[in-house]
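Novice: have a look at this prediction, sequence included:
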2 protein chains.
Amino acid sequence: MKENKYDEKEFFVEYGKMNRSIGGLAAAGEWQAFQKLLPELTGKTVLDLGCGYGWHCRYAIEHGASSVVGVDLSERMLAEAKARTTDPRITYVRRAIEDIEFSPESFDLIISSLAFHYVESLDAVYTILYRILKNEGDLVFSVEHPIFTAYGNQDWVYEENGNKLHWPVDRYFSEGQREAIFLGQRVIKYHRTLTTYLHALVAHGFSIRDVIEPVPAPEMVDAKEGVHDELRRPMMLLVAAHKPGVS
Amino acid sequence: MKENKYDEKEFFVEYGKMNRSIGGLAAAGEWQAFQKLLPELTGKTVLDLGCGYGWHCRYAIEHGASSVVGVDLSERMLAEAKARTTDPRITYVRRAIEDIEFSPESFDLIISSLAFHYVESLDAVYTILYRILKNEGDLVFSVEHPIFTAYGNQDWVYEENGNKLHWPVDRYFSEGQREAIFLGQRVIKYHRTLTTYLHALVAHGFSIRDVIEPVPAPEMVDAKEGVHDELRRPMMLLVAAHKPGVS
C-alpha cells in the first residue's frame, strides 16, 4: 500500500501553511535553480510527477507548453490544483508515481519536484520514465539530498543548550525506508545514495545533463532558522537528465 | 606555496605502509569501480595527475595505451614510480597539478586518483584539462567525497565508550581548506560540494558520463575497521566526464 499522507486532513492542513504552499514557486528556495535546469518549454508535452497544487503544471503552460499532465496520489492536492486553474491543456491524474501508465514516447519533458523520495523503487520509475519519454526528451527532478535522508530522523545533533552541533550521517549505503517527523507527523521516506540517483540514470540509458545542490536565496529562508543553517548541509539535490536520440 | 606533504620523509614512510602502497591497485578499495569507468585504452595517450607510485600509469601501458605522462609534485613519489618501471612509453613530470603545461588536445584520457582534493582551484584545473584533452576525450577521477571532507577533521563522532555514533557534516557549502589528520600528521585538503565537482564540469563544456560512490569489497577493508563502517558514510566519489566532439 502506498502511503498517502497528503490525504490525511491534519497533515494536509499543515502542508498548506508552508511558505511554498502559500507563495508557490517564488517561495520555494530551490525554484530558481530548478527553473534553470528546465529546457525551452514552447510546444512541449509535459508530465509532472507529484504535482501537488499544480504550480509546475501552470508554469509550464504559461511558458508555452502545449499540454501538461499532473500526477498526484492525493485527492486533496488535486482538488487544490483544479481550484487554481481550469485551463483545458492541463490534465490531472490521481495515481501513485510507480503506477502511471502512458504510451511510449508520450512526453518531451518529465518533471518531478520533491516526490521521488516517497517512491520505494526508483529503478521501476526510471524504467517507466525512459519508456514514456520521447527521444531527445528531458527529465528534471528534485529530491531530498542523500546527506539529508541517510540518518533518517532529518534533524541536527544538538548541544545540551539547544545549539545545533552538526548534521549526522549514518547508514548511507543502507538504502530504504526512513521515518522522519515532517509537519508534526511521522512520514515514511526512502533514502538512496547519490550513486543510485545518478548512476542508475546512466544504467537506464539516460545521460546526466546537470547536477545542482541549491542554496536558497537569503530572502527565501525562514527567518527563525536563518540562511546560515541551510549552508551547513545540503537539503536538496536537483538533477537534469536527457534521453538521447536514436543514433 | 603548494603543500608537498609527500616529500616529507616521515609522512612518505607512513604512506608506504598503507595497503594501497604495498599492494597497488588490487589493494585499493575503489579500484574495481574506477577501472569500470575507464574507456578502452588501446592506442590512447594518457595523462595521470597525482600519479604517486605510478600504478595507474603502468596499468594504462599494460592495457594498450600508446604513451602515458605521470605528474606528481613529490620527488619521492616519482622516484618510487621510476624504480618500478623503465618503460620508455611512460614519462614522469614533477609538477603541481595546477601548473601543468601541455599543448591543446594532447591527451585521449586524463585520469586522477585521489588528488583533486589537494588542489586549491578546481576551476583552474578543469579549464586546463578541457584544453589539453582531445575532442571525444575522457576524464576519469576519484576524490574524497564531499560528505567525507565537509566537516574537516575526517573522523567520526564517538560515544564516551569509543563507539562510533555517526559521521558529522557541517560547513558543507563553505568550500575551502580543511585540516585533517592523515597518517598521523596534519594535512591540508580542500572541501568542495558535489555541485562544484559535477556542475562545474558541465559549465566547462564537459558532459558527465557517470558518477559512482564506491563501496570497497569486503576483502579490501582493514580488518580492524570492518566493512560495516565503510557502509555508514561514503568516503570517495568517482566521476567520469567526456569532452564532446565538434558538432
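Specialist: Yep, that arrived.

Novice: hey, let's count contacts and neighbours off CA atoms from now on
Specialist: Fine.

Novice: nearest residue to residue A:97 other than its sequence neighbours?
Specialist: Distances taken as CA to CA, 6 or more residues apart in numbering or on different chains place residue A:49 nearest to residue A:97, at 6.4 Å, with adjacent residues excluded.

Novice: which ones are touching the one you found?
Specialist: Shown here is residue A:49, whose contacts under the criterion CA atoms under 8 Å, 6 or more residues apart in numbering or on different chains are A:70, A:71, A:72, A:97, A:110, A:111, A:112, A:113, A:115.

Novice: give me the buried positions along the helix or strand that residue A:196 is a member of.
Specialist: Assigned by DSSP states H and E, residue A:196 belongs to helix A:194-203. Residues of helix A:194-203 classed as buried under the neighbour-count rule (16 or more other CA atoms under 10 Å in any protein chain shown) are A:194, A:195, A:196, A:197, A:198, A:199, A:200, A:201, A:202.

Novice: what about it, near chain B?
Specialist: Yes: with CA under 8 Å from any CA of the partner chain as the measure, helix A:194-203 is seen reaching chain B through A:194, A:195, A:198, A:199, A:202.

Novice: quick check: angle from that helix to helix B:194-203?
Specialist: In this structure, helix A:194-203 runs at an angle of 30 degrees to helix B:194-203, with axes from the mean of the first three to the mean of the last three CA atoms, to 10 degrees as the basis.

Novice: is residue A:167 in a helix, a strand, or coil?
Specialist: Local secondary structure at residue A:167 is given as strand here, using DSSP: H, G, I helix; E, B strand; the rest coil.

Novice: got the confidence number for it?
Specialist: What the model reports as pLDDT for residue A:167 is 97.

Novice: show me what it bridges to in the sheet.
Specialist: When bridges are taken as DSSP bridges, the partners of residue A:167 come out as residue B:169.

Novice: right, and it touches residue A:152 too?
Specialist: No: applying CA atoms under 8 Å as the test, residue A:167 and residue A:152 come out as separate, 11.2 Å apart.

Novice: and residue A:237, how far is that from chain B?
Specialist: 9 Å (CA to the nearest CA, to the nearest Å).

Novice: helix, strand, or coil at that residue?
Specialist: In the three-state summary, residue A:237 is assigned as strand, counting by three-state DSSP.

Novice: and the lowest-mean-pLDDT helix or strand in chain A with chain B, contact?
Specialist: Of all helical and strand segments in chain A, the minimum by mean pLDDT, DSSP states H and E falls on helix A:227-230, at a mean of 80. No: applying CA under 8 Å from any CA, one finds helix A:227-230 separated from chain B by no less than 8.6 Å.

Novice: what is the neighbour count of residue A:187?
Specialist: As a burial measure, the neighbour count of residue A:187 was computed by other CA atoms under 10 Å in any protein chain shown and equals 18.

Novice: do the one 3 residues further on as well
Specialist: Per other CA under 10 Å, the neighbour tally for residue A:190 reads 21.

Novice: same check, this time on residue A:55
Specialist: Around residue A:55 sit 19 other residues, with neighbours defined as other CA under 10 Å.

Novice: so which residues of chain A form helices?
Specialist: Along chain A, counting by DSSP state H, helices occupy A:9-15, A:19-23, A:31-37, A:55-62, A:75-84, A:122-132, A:146-149, A:194-203, A:227-230.

Novice: packing partners for the strand ranked longest in chain A?
Specialist: As far as residue count goes, and with DSSP state E defining each element, the longest strand of chain A is strand A:133-144. Helices and strands in packing contact with strand A:133-144 are listed as helix A:31-37, strand A:107-113, strand A:236-242; criterion 3 or more CA pairs under 8 Å, 6 or more residues apart in numbering or on different chains; DSSP states H and E.

Novice: in it, which residues are buried?
Specialist: Within strand A:133-144, the residues scored as buried using 16+ other CA under 10 Å are A:133, A:134, A:135, A:137, A:138, A:139, A:140, A:141, A:142, A:143, A:144.

Novice: find the pair from the residues you listed with maximum spatial separation.
Specialist: Using CA to CA, the two most remote members of those are A:135 and A:144, lying 27.6 Å apart.

Novice: want to throw the buried residues of helix A:194-203 into TSV with pLDDT?
Specialist: As requested, the buried residues of helix A:194-203 are arranged in TSV below (pLDDT from 0 to 100):
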residue	pLDDT
A:194	98
A:195	96
A:196	97
A:197	98
A:198	98
A:199	97
A:200	97
A:201	98
A:202	97
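
Novice: ok, residue A:246 - contacts?
Specialist: Taking CA under 8 Å, 6+ apart as the criterion, residue A:246 is in contact with residue A:135.

Novice: quick check: it vs chain B, distance?
Specialist: In this structure, residue A:246 and chain B are 16 Å apart, going by CA to the nearest CA.

Novice: that residue and residue A:59, how far apart?
Specialist: With distances taken as CA to CA, to the nearest Å, residue A:246 is found 30 Å from residue A:59.

Novice: go on, residue A:205?
Specialist: Note on residue A:205: its distance to residue A:59, by CA to CA, is 28 Å.

Novice: same check, this time on residue A:112
Specialist: Taking CA to CA as the criterion, residue A:112 is separated from residue A:59 by 13 Å.

Novice: more neighbours, those two?
Specialist: Neighbour comparison, residue A:112 and residue A:59: the larger count goes to residue A:112, with 21 against 15 (by other CA under 10 Å).

Novice: pLDDT score assigned to residue A:100?
Specialist: Confidence at residue A:100, expressed as pLDDT, is 97.

Novice: okay, now it: neighbour count?
Specialist: The criterion is other CA under 10 Å. On that basis, residue A:100 has 16 neighbouring residues.

Novice: near chain B, which residues of chain A are found?
Specialist: If contacts are counted using CA under 8 Å from any CA, the residues of chain A sitting beside chain B are A:147, A:166-174, A:194-195, A:198-199, A:202, A:207-213, A:231-234.

Novice: mind running it again at 6 Å?
Specialist: Residues of chain A found near chain B (CA under 6 Å from any CA of the partner chain) are A:166-173, A:195, A:199, A:208, A:210-213, A:231-233.

Novice: just the buried ones from these, in ChimeraX syntax?
Specialist: Only the buried members of the residues of chain A next to chain B enter the following ChimeraX selection, criterion being 16+ other CA under 10 Å:
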select /A:166,167,168,169,170,171,172,173,195,199,208,210,211,212,213,231,232,233
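
Novice: tell me what the residue nearest to residue A:181 when sequence neighbours are not counted is bridged to.
Specialist: With CA to CA, 6+ apart as the measure, residue A:187 is the residue that lies nearest to residue A:181, at 6.1 Å, once sequence neighbours are left out. With DSSP bridges as the criterion, the beta-bridge partners of residue A:187 are residue A:180.

Novice: what's the spacing between residue A:187 and residue A:39?
Specialist: In terms of CA to CA, residue A:187 sits 32 Å off from residue A:39.
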